[in-house]
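K.L.:
I need the structure of the sequence given here:
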Amino acid sequence: MTLRSLIAILSLCVVAIFSFLSGDSWADAGSPADVKTPSARPVIILGFVGGFVRHDNPSYSEVKLAARLRQRYTSGTVVETYSNHDGKLAYKRILELLDRDHDGNLSAEEKQSSQIILYGHSWGASETIDLARRLQADAIPVLLTVQVDSVSKIGQNDRIIPSNVAEAANFYQQDGLLQGKSEIRAADPLRTQIEGNFRFDYSNVPYNCVGYAWYDRVFMRAHTQIESDPKVWAQVESLIQSALLGPAKSAPTQTAGQP
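P.N.:
Coordinates of the predicted model:
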């Protein structure tokens with residue numbers, strides 16, 4: 001484990017302790033409500049919040065983005081947010097949505113017809129790539145992954161994008177104690193297009209994160225600034241829109257066990 005990873009874990013643990021002592025409601029309150037499954041060629045967009053934030057906390061940008069996407073894509077699209085500790089739940093949800101004939105098994109056609117987009121912040125960004133890797137093992141393609149100030153969780157590799165992902169983008173800052181991943185790269189550049197590693201600078205920007213606790217200001221100042229920066233999330237939303245509506249390339253056909 002690198003020194004930076006250790007600092008990130010310690011910082012998040014300190015924030016979690018202060019949050020618990022102050023009575024903040026960061027514990028997840030359960031899985032998202034059921035959404036009607038699209039009848040054909042499902043579009044599935046899942047977002048992961050960072051730290052110990054509730055999956056449905058409306059103050060956080062990941063949840064705000066999901067709300068906007070639901071308003072924009074009202075037909076044939078499922079948009080949900082999850083705690084970064086609920087990766088297994090999100091994985092099961094995807095399998096359920098892809099199983100259009102409800103026979104308990106996914107055919108090759110059901111897998112390849114999916115349009116899956118995953119995004120997240122901090123530990124949620126790390127969980128995004130871990131989920132994509134789970135789907136790779138089942139030969140399920142992913143259209144797009146987006147990481148915002150990605151912080152690796154223990155046992156996860158959020159730097160290497162698996163080859164079942166068609167496009168990937170990374171947004172990060174390096175101005176505070178807790179810094180996101182500065183670079184992601186494709187396991188197979190012929191299958192995955194890295195849209196970019198986009199750095200944002202908050203070194204001379206006044207802290208203006210409304211609703212965040214004092215310990216966020218102390219321990220995760222720039223990390224929370226990028227999470228609440230509307231410019232960042234406007235670009236994330238644009239990437240999602242381009243992947244779904246624009247001339248984006250198709251998700252790669254994937255065989256289980258490929259890198």
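
K.L.:
doesn't E80 make contact with R93?
P.N.:
Yes - assessed by C-beta atoms under 8 Å, R93 is found in contact with E80 at 7.0 Å. To be clear about C-beta, it is placed using only N, CA and C from the backbone, and glycine gets the same treatment.

K.L.:
Which residues are in contact with each of the two?
P.N.:
Contact with both R93 and E80 is made by residues L46, according to C-beta atoms under 8 Å, 6 or more residues apart in numbering.

K.L.:
Sort out which residues of stretch 216-231 are buried, please.
P.N.:
The neighbour-count check on stretch 216-231 (16 or more other C-beta atoms under 10 Å) flags 216, 219-229 as buried.

K.L.:
ok, for E183, nearest residue in space, not its chain neighbours?
P.N.:
N197 (5.0 Å; C-beta to C-beta, 6 or more residues apart in numbering).

K.L.:
List the contacts of the one you found.
P.N.:
Neighbours of N197 in contact, by C-beta under 8 Å, 6+ apart: 170, 172, 182-184.

K.L.:
For it, which three-state class applies?
P.N.:
strand (DSSP: H, G, I helix; E, B strand; the rest coil).

K.L.:
What's opposite it in the beta bridge?
P.N.:
Under the criterion DSSP bridges, N197 forms beta bridges with N170.

K.L.:
What separation do you get for it and R185?
P.N.:
As for N197, its distance to R185 is 9 Å (criterion: C-beta to C-beta, to the nearest Å).

K.L.:
Also A67?
P.N.:
Going from A67 to R185 by C-beta to C-beta gives 32 Å.

K.L.:
returning to that earlier point: would you point out the most distant pair within the buried residues of stretch 216-231?
P.N.:
Greatest spatial distance in these: F219 and D229, 18.2 Å, computed using C-beta to C-beta.

K.L.:
Okay, strands next: where are they in the stretch 101-250 of the chain?
P.N.:
115-121, 142-148, 160-161, 165-172, 185-186, 193-199 (DSSP state E, counting those that start in this stretch).

K.L.:
possible to save the ones you listed as CSV with mean pLDDT and distance to S75?
P.N.:
Output for those, formatted as CSV (pLDDT from 0 to 100; distance: least, C-beta to C-beta, whole Å):
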stretch, mean pLDDT, distance to S75
strand 115-121, 97, 13
strand 142-148, 98, 18
strand 160-161, 98, 30
strand 165-172, 98, 23
strand 185-186, 98, 32
strand 193-199, 98, 27
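
K.L.:
okay if I get those as CSV plus distance to S61?
P.N.:
Formatted as CSV, the strands of the stretch 101-250 of the chain follow (distance: least, C-beta to C-beta, whole Å):
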stretch, distance to S61
strand 115-121, 7
strand 142-148, 8
strand 160-161, 22
strand 165-172, 11
strand 185-186, 25
strand 193-199, 15
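
K.L.:
Out of these, the one nearest E62 is which?
P.N.:
Per C-beta to C-beta, nearest to E62 of these: strand 115-121, 5.7 Å.

K.L.:
Tell me who's in contact with T224.
P.N.:
T224 neighbours (C-beta under 8 Å, 6+ apart): 209, 212, 216-217.
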